[in-house]
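Engineer: I need the structure of the sequence given here:
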Amino acid sequence: MHFLIVEDTRDVAEAIERRLEKAGHVSDRAETLEDAWHFASMSRHDLIILDINLPDGSGIAFLRRLRGDGNRVPVLVLTARLAVNDKIDALDLGADDYMVKPFDLGELEARIRAIVRRRSGEADRTLSAGRLVFDMAARSVTIDGVVCELTRREQTLLEIFLTNRGRVLDKEDLLVRLFGHDGEKNPNAVELYVGRLRRKIEGSGLEIRTLRGLGYQAVVAGADV
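Structural biologist: Numbering: from 1, shown residues only. From the prediction side, this is the model:
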């Protein structure tokens, strides 16, 4: 998945990025509101981790503008502020969760998974479609209870499709979500990974359709889109 980390304390941002990278995710890092708007305007993110105290303004202002523009990307506010009113303001403006520094990286990951599950309509730590089950915490995939061996990049791609089931995702968007803005530039890499993933989950009930000129769409076989 593709995250945006808005945090001006470099060692904190780097620690979060490393933790997410181990789980197969890619991240953009912004130390200012200006940088955050730059990344937010360039591509769609799966989740934003947002600090409140930034060198050029407040993360609350960023969140207010984001929601005012109709952007519903999940936002986890991460800040040293302890005041209850700060938490209330963030949640009222549309933040999905709120954590106070110092924090545990394991808890941060768990809260991210919880936000993704809520947005996907899932009740527990798994994402499922047809006979396929993806355990987000264990980073394991099974089909009818049998382990399906996927590479880290294939797992990331599957997670993107499961959390955006029914939506059309264009190739350029998937390229950024898989590799980040500074990663792979060849759109054919997306075709390669989609092809590999299709072969490995064949018969699971989850179909990845190619919509010519539009992109890809994941649907459950036999279900109405």
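Engineer: hey, where'd the helices end up in this structure?
Structural biologist: 10-22, 33-42, 59-68, 84-92, 105-120, 152-163, 171-179, 188-200 (DSSP state H).
Engineer: and the last one with helix 152-163, angle?
Structural biologist: Right, the one you point to is helix 188-200. Between helix 188-200 and helix 152-163, the angle comes out at 80 degrees (axes from the mean of the first three to the mean of the last three C-alpha atoms, to 10 degrees).
Engineer: tell me which residues of helix 188-200 are tucked away?
Structural biologist: Residues 189, 190, 193, 194, 197, 200 are the ones in helix 188-200 that count as buried (16 or more other C-beta atoms under 10 Å). C-beta: built from backbone N, CA, C; applies to glycine.
Engineer: Would you map out the domains in the protein?
Structural biologist: 2-120, 126-220 (automatic domain parsing).
Engineer: Now tabulate these in a markdown table and tack on mean pLDDT.
Structural biologist: Listed next are those as a markdown table, based on pLDDT from 0 to 100:
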| stretch | mean pLDDT |
| --- | --- |
| domain 2-120 | 89 |
| domain 126-220 | 90 |
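Engineer: before we move on, the earlier item: which one among the buried residues of helix 188-200 gets closest to residue 206?
Structural biologist: Using C-beta to C-beta, residue 197 is the member of the buried residues of helix 188-200 that lies nearest residue 206, at 9.5 Å.
Engineer: Is it correct that the closest one is in contact with residue 150?
Structural biologist: Yes - here residue 197 reaches residue 150: they are 7.3 Å apart, a contact under C-beta atoms under 8 Å.
Engineer: between those two, what contacts are shared?
Structural biologist: residue 158 (C-beta atoms under 8 Å, 6 or more residues apart in numbering).
Engineer: Which residue is the nearest non-sequential neighbour of the residue nearest to the spatial centre of the chain?
Structural biologist: Residue closest to the average C-alpha location in the chain (C-alpha atoms, centre = their mean): residue 46, at 3.1 Å. Leaving aside its chain neighbours, residue 46 sits nearest to residue 1 (4.1 Å; criterion: C-beta to C-beta, 6 or more residues apart in numbering).
Engineer: burial measure for that neighbour, as a count.
Structural biologist: Here the number of neighbours of residue 1 (other C-beta atoms under 10 Å) works out to 21.
Engineer: Kindly report the same for the one 5 residues further on.
Structural biologist: Counted with other C-beta under 10 Å, residues neighbouring residue 6 total 28.
Engineer: same deal with residue 152?
Structural biologist: If you count neighbours by other C-beta under 10 Å, residue 152 ends up with 13.
Engineer: I'd assumed residue 24 was in contact with it.
Structural biologist: Yes - using C-beta under 8 Å, residue 152 is in contact with residue 24, at 4.1 Å.
Engineer: give the contact list for residue 5.
Structural biologist: 13, 16, 17, 27, 28, 29, 30, 48, 49.
Engineer: how close does the third one sit to residue 56?
Structural biologist: Okay, so that is residue 17. Per C-beta to C-beta, to the nearest Å, residue 17 is found 21 Å from residue 56.
Engineer: returning to that earlier point: export the contacts of residue 5 to CSV and append columns for distance to residue 208.
Structural biologist: Formatted as CSV, those follow (distance: C-beta to C-beta, whole Å):
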residue, distance to residue 208
13, 33
16, 30
17, 28
27, 24
28, 25
29, 30
30, 31
48, 26
49, 28
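Engineer: of all those, which comes closest to residue 171?
Structural biologist: Out of those, the member with the shortest distance to residue 171 (by C-beta to C-beta) is residue 28, at 19.0 Å.
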